[in-house]
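>>> Quick one, what's the 3D model for this:
(4 chains)
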There are 4 protein chains.
Amino acid sequence: MQAIKDSVHDYVELPPVAAALLDTAPVQRLRHIKQLSTVRLVYPSANHTRFEHSIGVAHLAGQALSRLGIDGHRAKAVQAAALLHDVGHGPYGHQTEGIIERRVGRHHDEVTDLLSNGELAATLEHHDLNPDEIAELVAGNGELGQLVAGELDVDRMDYLVRDAHHTGVPYGTVDYGRLLGALRFVDGNLVLAEGNVPTAESLLVARALMNATVYRHHVSRIAGAMLERTSERLLDSTNLTPEEFQRFTDAELLAALQGCEETAEMADRIVNRNLFKRAVWAEWGGVPSDVVAVDHDEKREFEREIAAKADVPPEAVLVDNPGEPSMPESSSRVVVNGEVRRLAEQSPLVQGLQASQRTQWRLGVYAPEDRTDEVEKAANAILGLTL
Amino acid sequence: MQAIKDSVHDYVELPPVAAALLDTAPVQRLRHIKQLSTVRLVYPSANHTRFEHSIGVAHLAGQALSRLGIDGHRAKAVQAAALLHDVGHGPYGHQTEGIIERRVGRHHDEVTDLLSNGELAATLEHHDLNPDEIAELVAGNGELGQLVAGELDVDRMDYLVRDAHHTGVPYGTVDYGRLLGALRFVDGNLVLAEGNVPTAESLLVARALMNATVYRHHVSRIAGAMLERTSERLLDSTNLTPEEFQRFTDAELLAALQGCEETAEMADRIVNRNLFKRAVWAEWGGVPSDVVAVDHDEKREFEREIAAKADVPPEAVLVDNPGEPSMPESSSRVVVNGEVRRLAEQSPLVQGLQASQRTQWRLGVYAPEDRTDEVEKAANAILGLTL
Amino acid sequence: MQAIKDSVHDYVELPPVAAALLDTAPVQRLRHIKQLSTVRLVYPSANHTRFEHSIGVAHLAGQALSRLGIDGHRAKAVQAAALLHDVGHGPYGHQTEGIIERRVGRHHDEVTDLLSNGELAATLEHHDLNPDEIAELVAGNGELGQLVAGELDVDRMDYLVRDAHHTGVPYGTVDYGRLLGALRFVDGNLVLAEGNVPTAESLLVARALMNATVYRHHVSRIAGAMLERTSERLLDSTNLTPEEFQRFTDAELLAALQGCEETAEMADRIVNRNLFKRAVWAEWGGVPSDVVAVDHDEKREFEREIAAKADVPPEAVLVDNPGEPSMPESSSRVVVNGEVRRLAEQSPLVQGLQASQRTQWRLGVYAPEDRTDEVEKAANAILGLTL
Amino acid sequence: MQAIKDSVHDYVELPPVAAALLDTAPVQRLRHIKQLSTVRLVYPSANHTRFEHSIGVAHLAGQALSRLGIDGHRAKAVQAAALLHDVGHGPYGHQTEGIIERRVGRHHDEVTDLLSNGELAATLEHHDLNPDEIAELVAGNGELGQLVAGELDVDRMDYLVRDAHHTGVPYGTVDYGRLLGALRFVDGNLVLAEGNVPTAESLLVARALMNATVYRHHVSRIAGAMLERTSERLLDSTNLTPEEFQRFTDAELLAALQGCEETAEMADRIVNRNLFKRAVWAEWGGVPSDVVAVDHDEKREFEREIAAKADVPPEAVLVDNPGEPSMPESSSRVVVNGEVRRLAEQSPLVQGLQASQRTQWRLGVYAPEDRTDEVEKAANAILGLTL
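Got it, this is the predicted structure:
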């Protein structure tokens, strides 16, 4: 066992396969992908990376496995998958995953190719692990896959606590010790044991409050929208391939954006935190349902129309539409009076959280600070917003 | 300014009046009243006292006043009231307040008598403060009284964070820095500024999750019911006056219970954590509404009837009925789109919390471990419980 | 395994014997013995008890055993001893151990009698443990006894971190994870592995800084001296036996002191924090070596002489002489370049700490605030102090 | 006042000038300079930046000023200087400062040029601050300069606590609240008030233990030496100017190293953590004093000689010589018995720390893992090391 000092979990001991995977280039690359991408522009301490998060997830996976009495090959596979669960991420994590899905046709948790080649394949095979098996676990498939990617996975236990530690916002500080101790498998489903409705609720509440104050903070959303739109322009303006793009680190993406004529100005805005402002910040009730439902191309079309009507350059308008709210964690399973129930059925609090998503929902239209007035008028007209 | 090192707020600087009040016997007595009474029987580290909590509340009051731009005599009065807000508590805090209210006719926040005599009066007057004025603030009256006792008071900010620190349960860790920064007075009402619906929600959520896992943990409720019932027996069996009773410390109450023949056995049970167990733990839907609504005397009558039917001694049955749930914090005020709204109207999450109170609600009937079977049967019959 | 939530170590899982011992009266009594006795008069949050500390020590013992690869009967015995290591303490812990040693002839870690009778003996034997064996471990005897009571024991790892958590003074926050991971047995001696000189130093430094700011804070020393002297008077004035005295809880001792005519006034001073002040606070160089070396009776004789010369009542003078400084931890063993060395030989920092003890050393003479001038003069003359 | 959430100090309120400076490019650049450069290769969570550290230093400066009763223009200047104290740093902070000093002839705290031009000058002047005055403060000159850069400056209070928070190593957690409260000016010198010898000692001890376990961890020293040597090669191989070099961010430096043929291989080693190993790790007593005293050119000459003798390529040998140990903090001033004394004179503990520096001192010679044997032999011979 190799012991690593982590600022959240103190000493983390990783089994040999995980320690070996740590030294591969695709995992070392995660040192250069920030966990919270543009959130650091709001919470300046939020510079933690997917590398340390991956170590934390592997650690919590080990704790969960030990409490569930799972060991041997299956445990080794789950810990390897836990360590690797984020290797598929592009630069700036979730901020570029839409681009990569549209242009590469692959979600960040589809990592079969990545694991079947090069160092990762060699390392896994050296430890008697099959890359395909690990890729299935990363995708959340199979009984044990639920520990890696599912409503009660160790990924979210780690990121909530870690994001709280680094932003200074306490809401994410879940009682993961209690969650880990309450995990059970019932009929192949991962559930929380009797008496843990509040434990399950606390996880959703933590997520919801972190959404409201951190993950969906408007400054972070604006910077994220600027980054995404500019990245698309980079791909459209150069012969950079989406496959090359997706293996960038955060800094490599910024450097590429700064080095390309079409994107340099926007890149400088991001680097120097000279961000667009909100021209529109519309509540759920004021946005027509067909606008909520638009796809990516229609969103870009709206941007062009608004820019034309407002008489501003096309790149000066960004439409940021989060789409229909969803809360997959509300379907997590809890044992109540001896039977397995879906949390949302059992918990009025979770029903409140679901309703609350629409209250917090906002559609944003962003523009340079000196153009927000005309963009606001144009966007209201084009999108048919009511106040 | 005198600086005191606190485990929660680090260095606390108290103004002269608060420092002087600290040295009076009624405030020093709070060193011997635990903040969480019987909770230490579940969470062994929860031995913090109302003394350190009072220092914390005075500190947060100072922070709130400074951010609200209130200084001079009014600020001095509020900080004095904050320091004194718990001097009216009897032994074991909330656990004995029902007894004291019934027998002394006074709630713990009615402290006019206490402040108008002896050391406290002298100290207040020496610092040009009127005991009546301070008593009004402690009771939550007047505009500034809302800071001391109200839906957004600094009392709950301190106890949530402090109880989390000492139990190890993270749910109470509210972002009090944000709460303090968001306090405003609008038309004489204390409200949270624009953009703080999640801030307000976080306070209620923290409270609700602490209720479920800490404050209303069944072991603590059982010990509390044993303590309350035995204290009544002490008052009924001896010539101890309710006025003497209410000035006991925790340890003095335990010693009195151990020293009285009628209560010694139950006292030993509490001291050695040899507690009653749950014979009944009934959900809201299974308890007739007239049973939920019973008063104190009717509850005692139920205990006698159940004991008779179960053929156990009368002191072997405890009925613990929390009554109709309420959530006063849900009426706290938040500015939304420039107007002051009640939180419960604005927040589906708070509506969920309100509904959730009934889901978590339980009526308990407790008995010695070897008598729970017969007591359960008798209680089901007498109380008309349905499963 | 029973999981207990601790504010310092989060979830603690205790093996069956430890869980069973927890429920015995001698261990439950530790809930009423504060870990830091009179320190709470300086650091108001320091209300933690020897009960939660004992749980923490049992937990760390389990961690150490697991890393050392020790299991089975030997591990069970060490964890039982760890849980019981403080059951021999009298009220107010170290503050009364001098009295108990002089009058009962037994140090607090001599617990053979206590473990060989009643509940503790029954519980140990029920779990196939021999009370004598456990008593030996509590006394620090044998190879494994070093884990319970020795220079590198888990007792000090727990109390340093716990005292830091509760006082708010960070110096005690040692890296116990690293210490536990570095423990080795070499030739029957507990040592720290290669590369851990700074780890060992950090433990001594933490202790030294906690001594200077917490454990030997003058206010705590004054209150402690008042308590010790008054306790002796209680034993001299009543027919309370030393054996009864040593089983008191903190509150029972205070109540006894308040209930005895000869000690009531001093007890009220302690309860209401109306403490004596320093008449003399002499540095090492200014105190004759024969005064440093006086025994208990001579110290009492000095008090009488000073009181007579100062013309104050005999109980108005307290001489507090810490005696020759010592630092047993400086002999802890560390592997350096493959050989076991004593820390003090290897570490100039530890040599500095040893020298520093004399710099920090103070002899105190305490008296009521309005008598310090005359007591100072008399003490300087009687003790032959030079400035 | 603008409130920023910091993971270490919670809410930080910055005065207008500091808030305005935050938005300038030279300060935003600090987001991309890690506080602990290569330490993240040992402590994976240590990804915090000089940007958040600068906010923390400005915050602590504000606290210190307020406690010292300094306000108005002087306070504004000190807070501006505190925020700007690190703008002169090159990429990878201290790791490149030798190169920059040798090639640009300027230490990182000589910032007159930087502050006298562009955005920084404009922002300072807009707030009625003179760039030269601020540069003097950054350099630690003048009475108030001691708060920004001196033995008791707020820079080290922040970095110790922040580095502890992010590495997970607790030793750096100084009690900065106590330090700030003890600061005084006596005869123009910044000192700690009476009773604070342990406070001052704690600062040095924290630094010494962080040195031993974090700042001078051998893995970080190896990576640092690789980075420094490779950066020199980059400057020698390309037409990059030292002035351009010093304004790089961490990522820009890595990218430049990867993009240059002469440095690409070494850059990949750093990026993928495929580091050199220790061929030699010599203690103080084993290194001839003239070797300890060599300058930069002589060190490079040694590398060439060792490589030649070992028959390895010249870039395969790195000599890492920390030079004569020093401890400037040992001259910090403390009031003892009413007079100002140097800490080192007063504290045997600090004398121990000074002696301890030589015990911890190591000269390293590093080489690729498969060449350490021959390099060790050659280095022993060339450097005249004795074992």
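>>> Let me know the secondary structure of A:Tyr366.
strand (DSSP: H, G, I helix; E, B strand; the rest coil).
>>> how much space between it and A:Arg233?
According to Cβ to Cβ, to the nearest Å, A:Tyr366 stands 15 Å off from A:Arg233. Backbone N, C-alpha and C define where each C-beta goes, glycine included.
>>> higher neighbour count, the two?
A:Tyr366 (26 against 16; other Cβ atoms under 10 Å in any protein chain shown).
>>> Show me what that one is bridged to.
A:Arg278, A:Leu318 (DSSP bridges).
>>> so what's it up against?
Each residue near A:Tyr366 by Cβ atoms under 8 Å, 6 or more residues apart in numbering or on different chains is listed here: A:Ile222, A:Ala225, A:Met226, A:Phe276, A:Lys277, A:Arg278, A:Ala279, A:Val317, A:Leu318, A:Asp320.
>>> Reformat the residues you listed into TSV and put distance to D:Arg184 next to each item.
What follows is those, written out as TSV (distance: Cβ to Cβ, whole Å):
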residue	distance to D:Arg184
A:Ile222	46
A:Ala225	51
A:Met226	49
A:Phe276	48
A:Lys277	46
A:Arg278	48
A:Ala279	53
A:Val317	57
A:Leu318	54
A:Asp320	53
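>>> what two of the residues you listed have the greatest distance between them?
The two members of the contacts of A:Tyr366 with the most space between them (Cβ to Cβ) are A:Met226 and A:Ala279, at 13.5 Å.
>>> the more surrounded of the two?
A:Ala279 (27 against 23).
>>> dump the residue contacts of the more buried one.
A:Val317, A:Val365, A:Tyr366, A:Ala367, A:Arg371, A:Thr372, A:Asp373, A:Val375, A:Glu376, A:Ala379.
>>> how much space is there between the residue nearest to A:Val336 when sequence neighbours are not counted and A:Val340?
Nearest in space to A:Val336, with sequence neighbours left out and distances taken as Cβ to Cβ, 6 or more residues apart in numbering or on different chains, is A:Gln346 at 5.6 Å. In this structure, A:Gln346 and A:Val340 are 10 Å apart, going by Cβ to Cβ.
>>> Which one's more surrounded, these two?
More crowded of A:Gln346 and A:Val340, by other Cβ under 10 Å: A:Gln346, with 19 against 14.
>>> and the stretch 201-350 of chain A, which of its residues are near chain B?
Proximity of the stretch 201-350 of chain A to chain B, by Cβ under 8 Å from any Cβ of the partner chain, involves residues A:Glu201, A:Ser202, A:Val205, A:Ala208, A:Leu209, A:Ala212, A:Thr213, A:Gln346, A:Ser347, A:Pro348, A:Leu349, A:Val350.
>>> Could you check how many residues crowd around A:Gly338?
6.
>>> the helices in the stretch 251-387 of chain A, which residues?
Using DSSP state H, counting those that start in this stretch, the helices of the stretch 251-387 of chain A run over residues A:264-271, A:289-292, A:296-310, A:343-346, A:348-360, A:372-383.
>>> how about TSV for these, with mean pLDDT and distance to B:Thr241 added?
Converted to TSV, the helices of the stretch 251-387 of chain A look like this (pLDDT from 0 to 100; distance: least, Cβ to Cβ, whole Å):
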stretch	mean pLDDT	distance to B:Thr241
helix A:264-271	96	73
helix A:289-292	95	68
helix A:296-310	97	75
helix A:343-346	90	49
helix A:348-360	91	45
helix A:372-383	97	71
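>>> Rebuild the ones you listed as TSV, extending it with distance to A:Ile33.
Output for these, formatted as TSV (distance: least, Cβ to Cβ, whole Å):
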stretch	distance to A:Ile33
helix A:264-271	16
helix A:289-292	30
helix A:296-310	23
helix A:343-346	31
helix A:348-360	27
helix A:372-383	32
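>>> most packed of the ones you listed?
helix A:348-360 (a mean of 21; mean count of other Cβ atoms under 10 Å in any protein chain shown).
>>> and that one with helix B:348-360, angle?
Put simply, helix A:348-360 runs at 180 degrees to helix B:348-360, going by axes from the mean of the first three to the mean of the last three Cα atoms, to 10 degrees.
>>> Please work out which residue of the stretch 201-350 of chain A is closest to chain D.
A:Ala251 (3.2 Å; Cβ to the nearest Cβ).
>>> how about the strands in chain A?
Under the criterion DSSP state E, chain A contains strands at A:2-6, A:10-14, A:183-186, A:189-192, A:277-283, A:318-320, A:333-336, A:339-342, A:362-367.
>>> As JSON lines, the ones you listed with mean pLDDT and distance to A:His89 would be great.
Formatted as JSON lines, these follow (pLDDT from 0 to 100; distance: least, Cβ to Cβ, whole Å):
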{"stretch": "strand A:2-6", "mean pLDDT": "89", "distance to A:His89": "20"}
{"stretch": "strand A:10-14", "mean pLDDT": "96", "distance to A:His89": "20"}
{"stretch": "strand A:183-186", "mean pLDDT": "97", "distance to A:His89": "25"}
{"stretch": "strand A:189-192", "mean pLDDT": "97", "distance to A:His89": "24"}
{"stretch": "strand A:277-283", "mean pLDDT": "97", "distance to A:His89": "28"}
{"stretch": "strand A:318-320", "mean pLDDT": "98", "distance to A:His89": "21"}
{"stretch": "strand A:333-336", "mean pLDDT": "95", "distance to A:His89": "28"}
{"stretch": "strand A:339-342", "mean pLDDT": "95", "distance to A:His89": "30"}
{"stretch": "strand A:362-367", "mean pLDDT": "97", "distance to A:His89": "24"}
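>>> before we move on, the earlier item: buried members of the contacts of A:Tyr366 into PyMOL, please.
Buried residues within these, as defined by 16 or more other Cβ atoms under 10 Å in any protein chain shown, are selected in PyMOL through the command that follows:
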select buried, chain A and resi 222+225+226+276+277+278+279+317+318+320
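>>> center of chain A - which residue?
The centre of chain A sits closest to A:His94, judged by Cα atoms, centre = their mean, with a distance of 4.6 Å.
>>> if I read this right, A:Leu14 contacts A:Ile4, doesn't it?
Yes - assessed by Cβ atoms under 8 Å, A:Leu14 is found in contact with A:Ile4 at 6.7 Å.
>>> mind checking pLDDT for the residue lying closest to A:Thr249 once chain neighbours are set aside?
With Cβ to Cβ, 6+ apart as the measure, A:His32 is the residue that lies nearest to A:Thr249, at 3.5 Å, once sequence neighbours are left out. Listed pLDDT for A:His32 reads 96.
>>> what's the neighbour count on A:Asp113?
12.
>>> do the same with A:Leu240
If we define neighbours as other Cβ under 10 Å, then A:Leu240 has 15 of them.
>>> Show me whatever sits in contact with both of A:Gln346 and A:Val340.
Common neighbours of A:Gln346 and A:Val340 (Cβ under 8 Å, 6+ apart) are A:Val334.
>>> Is stretch A:193-211 positioned near chain C?
No - using Cβ under 8 Å from any Cβ, stretch A:193-211 stays clear of chain C, coming no nearer than 12.2 Å.
>>> Let me know the average pLDDT across that stretch.
On average, stretch A:193-211 scores 93.
>>> Of the contacts of A:Ala279, just say which sits nearest to C:Val42.
A:Tyr366 (54.9 Å).
>>> ok, that closest one to A:Thr372 distance?
8 Å.
>>> Likewise for A:Trp361?
From A:Trp361 across to A:Thr372, the span is 21 Å (Cβ to Cβ).
>>> Skip the chain neighbours and tell me the closest residue to the residue of chain A found nearest chain B.
As assessed by Cβ to the nearest Cβ, chain B sits closest to A:Gly352 within chain A, at 1.7 Å. Closest residue in space to A:Gly352, ignoring its immediate chain neighbours: B:Gly352 at 1.7 Å, by Cβ to Cβ, 6+ apart.
>>> circling back to that earlier point, out of the residues of the stretch 201-350 of chain A next to chain B, the closest to chain C would be?
The closest of these, once distances to chain C are taken by Cβ to the nearest Cβ, is A:Ser202, at 14.1 Å.
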